[in-house]
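Student: build the 3D model from these lines:
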Amino acid sequence: MSDNLFDIKVGNLCFKNPIALAPMGGITSSSFANERAKDAGLVIIGGYSLDAATQKAASEIITRGREEFTSDEPLKLIENEIKAVDEGPMIGVNVRSATIEPLIEAAKIIKDAGAILELDAHCRQKEMTDIGAGQALLAELPRLCDWIGMIKETGVVLSVKVRANVIDDIELVRKIESAGADILHLDAMKEGFGADLKLIKNIRDSTRMFLICNNSVTDIDAAKEMFTRGANMVSVARGVLEDTHLISQLVRDISAQQEDMGWYNAPKHICRGEGDLRGLAFCCLPVKPCPVHNNIMKLGYSAQEFTDIKMEFAKGTMLEFGDSTCFGSLVWCCKISKPCFLRDGVLETLGLSDAEYMRLKKELADYIIDNAKKPINGPKN
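Tutor: You can find the predicted model right below:
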C-alpha cells in the first residue's frame, strides 16, 4: 500500500493515512502502539502527567483501580517512549499539567523529536480536574488560550484534545484556533447517544483546524459517518482493546475507498441536511428554494456570486464540460456515490475516472471556502 495514497499534512508533518490510535492513560505506551497500531497514520501515546500535582493525582487514580502512567522523570520517559515507537506512524504525545512550565519543556523535546504535542483538556477524573488540569481547562478558556500561545512559541505542532458538550463547543473551537493550535482532537461524546455527528458537522463549518474525531469508532461505518461530517482523521480508543486488528482493518477499508473515490472524507450532500460546507461542491445551480442558500450565506455569497465562483473554478478543468447534464456542466453535478446516468455518461466520454472527478470536486470545495467573503475562522490547513 502506497504511503502517497493520502495527501494529509499538518504544518511540516505528513500522515500516511487518516486512522489514529487515541491516548488512554496507563495503556497507550510505545509497546501497545507497536503491537496494535503499526499501520496507523498517527499514534498518540500517553497521557503523561508532567508536574508534581498531576503525578500525585495519577497515583491517587491508580489506588482506586484505574490505569495511569507515573514516573519520577516524565520528560525522560516521553523522550524514551518516542524513540521506542516503531517507524511508520506519526507520533503524538498527550500530556497533562497543572502548570505551564513543564508543558514548555515537553514541547521542546517533542518538537526536536519531530512529533506532535497534544495538550490534554479532556481528562475528567476528579483528581485531575480538582487541580485545574484536564477538562478543568475548559472552564478557564483564557488560561487555556494563554497556554496554547506559549506552547506554540516553541514551534511544536500542537493538538488540543477536548470533550464535546461540556461548554459552548463553537466558542471553544474558535478560541482554540485563534490561540494558535494546529489540531483539534474532539471526543464527540453525547451522553447516552454515542458520537455527536451533528456537532462534528457544525465544528467543521466553524474552523479550518485539522480535525481528529473520536468516540465509538469500532468499524469502518462508524469512521465514515465522522469522515462525511468533516473529520480529517478518526482516532480509535476502547475499540482497539477489544479487537487487536481494528486499526489495520480500518486502514485497509479507508484506503480502498480512497483508491476508488479519490476523496476519503467527502461530505454528504447539503440538501440532505447532513453535509458540511465542503458539500457545496456538489450543489446544483441555486435557482430554487433549497438548503444551498442558507449555506452559501454562511460564507457571504449571494446566489449569483456562488454561481460565478463555481464557474470560475471550472474554467479550464474537466468540470467545465457536460452539456448533457442537468445544468450544462459537471461543476453542478453530485457526489459520485449518488447514481446519475447523465453525469456518468459525460465522465465516460471524457475518460475521467470516479477518483479523478472527486479529486476535482475536493479542489472545488477548497476554492469555494478559500474565496469566501465571510471566511471560516482561521487559515486553511
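Student: in what element of secondary structure is the most centrally placed residue in the chain found?
Tutor: Geometric centre of the chain, nearest residue: Leu211, 2.1 Å, by CA atoms, centre = their mean. Counting by DSSP states H and E, the element that carries Leu211 is strand 210-214.
Student: was I right about Glu320 contacting Val331?
Tutor: Yes: A contact is recorded between Glu320 and Val331 when judged using CB atoms under 8 Å, the distance being 7.1 Å. No exception for glycine: its C-beta is placed from N, CA and C like everyone else's.
Student: the more surrounded of those two?
Tutor: A side-by-side neighbour count of Glu320 and Val331, using other CB atoms under 10 Å, places Val331 first with 27 against 14.
Student: do you know the pLDDT at the more buried one?
Tutor: At Val331, the predicted lDDT confidence score is 98.
Student: part of a helix, is it?
Tutor: Yes: when the secondary structure is assigned by DSSP: H, G, I helix; E, B strand; the rest coil, Val331 falls within a helix.
Student: how near is it to Leu285?
Tutor: In this view, Val331 and Leu285 are 9 Å apart by CB to CB, to the nearest Å.
Student: what touches both of Glu320 and Val331?
Tutor: Ala314 (CB atoms under 8 Å, 6 or more residues apart in numbering).
Student: one step back: just the CA trace of the strand holding Leu211, in PDB.
Tutor: Once non-C-alpha atoms are left out, strand 210-214 reads as follows in PDB (Å, rounded to 0.1, in the frame of the first residue of the first chain):
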ATOM      1  CA  PHE A 210      -7.100  19.800  11.300                       C
ATOM      2  CA  LEU A 211      -9.900  17.800  12.900                       C
ATOM      3  CA  ILE A 212      -9.400  14.400  14.600                       C
ATOM      4  CA  CYS A 213     -12.700  12.900  15.800                       C
ATOM      5  CA  ASN A 214     -13.100  10.200  18.400                       C
END
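Student: so after it, what's the next helix or strand?
Tutor: Where DSSP H and E defines the elements, the next helix or strand beyond strand 210-214 is helix 220-227.
Student: for the helix or strand just after that next one, the distance to its chain's centre please.
Tutor: Downstream of helix 220-227, the first helix or strand assigned by DSSP H and E is strand 233-236. The gap between the average C-alpha position of strand 233-236 and the chain average comes to 8 Å, counting by CA atoms, centre = their mean, to the nearest Å.
Student: what lines up beside strand 233-236 in the sheet?
Tutor: strand 19-21 (parallel), strand 210-214 (parallel) (DSSP bridges).
Student: closest to His122 out of those?
Tutor: Evaluated over those, closeness to His122 peaks at strand 210-214, with 9.3 Å, by CB to CB.
Student: what angle do that closest one and helix 220-227 make?
Tutor: 140 degrees (axes from the mean of the first three to the mean of the last three CA atoms, to 10 degrees).
Student: quick check, Asp86 in a strand?
Tutor: No: under the criterion used here (three-state DSSP), Asp86 is coil, not part of a strand.
Student: thought it was touching Phe32?
Tutor: No: taking CB under 8 Å as the definition, Asp86 is not a contact partner of Phe32, at 11.6 Å.
Student: of these two, who's got more company?
Tutor: Shown here are Asp86 and Phe32; by other CB under 10 Å, Phe32 has more neighbours (17 against 13).
Student: how much space separates the more buried one from Met24?
Tutor: 8 Å.
Student: circling back: what's in contact with the strand holding Leu211?
Tutor: Against strand 210-214 from outside (CB under 8 Å, 6+ apart): 10, 20, 22, 42, 159, 182-188, 195, 200, 203-204, 226, 229-237, 381.
Student: and that strand, what's its mean pLDDT?
Tutor: Confidence for strand 210-214, expressed as mean pLDDT, is 98.
Student: buried residues, stretch 266-281. List them.
Tutor: Taking 16 or more other CB atoms under 10 Å as the basis for neighbour counts, the residues of stretch 266-281 that come out buried are 266-271, 274-281.
Student: from those residues, pick the one nearest Tyr301.
Tutor: Lowest distance from Tyr301 to these (CB to CB) belongs to Leu280, with 8.9 Å.
Student: and the closest one, what does it touch?
Tutor: If a contact means CB under 8 Å, 6+ apart, then Leu280 has Ile270, Val292, Asn295, Ile296, Leu299, Phe306, Ala365, Ile368 as its contacts.
Student: how does the protein divide into domains?
Tutor: The record assigns the chain these domain ranges, following automatic domain parsing: 8-261, 270-370.
Student: reformat the strands paired with strand 233-236 as a markdown table; add distance to Lys108.
Tutor: Shown next, in a markdown table, are the strands paired with strand 233-236 (distance: least, CB to CB, whole Å):
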| stretch | distance to Lys108 |
| --- | --- |
| strand 19-21 | 23 |
| strand 210-214 | 22 |
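Student: quickly compare the ones you listed and say which is most buried.
Tutor: When you average the neighbours per residue for each of those (mean count of other CB atoms under 10 Å), strand 19-21 leads with a mean of 28.
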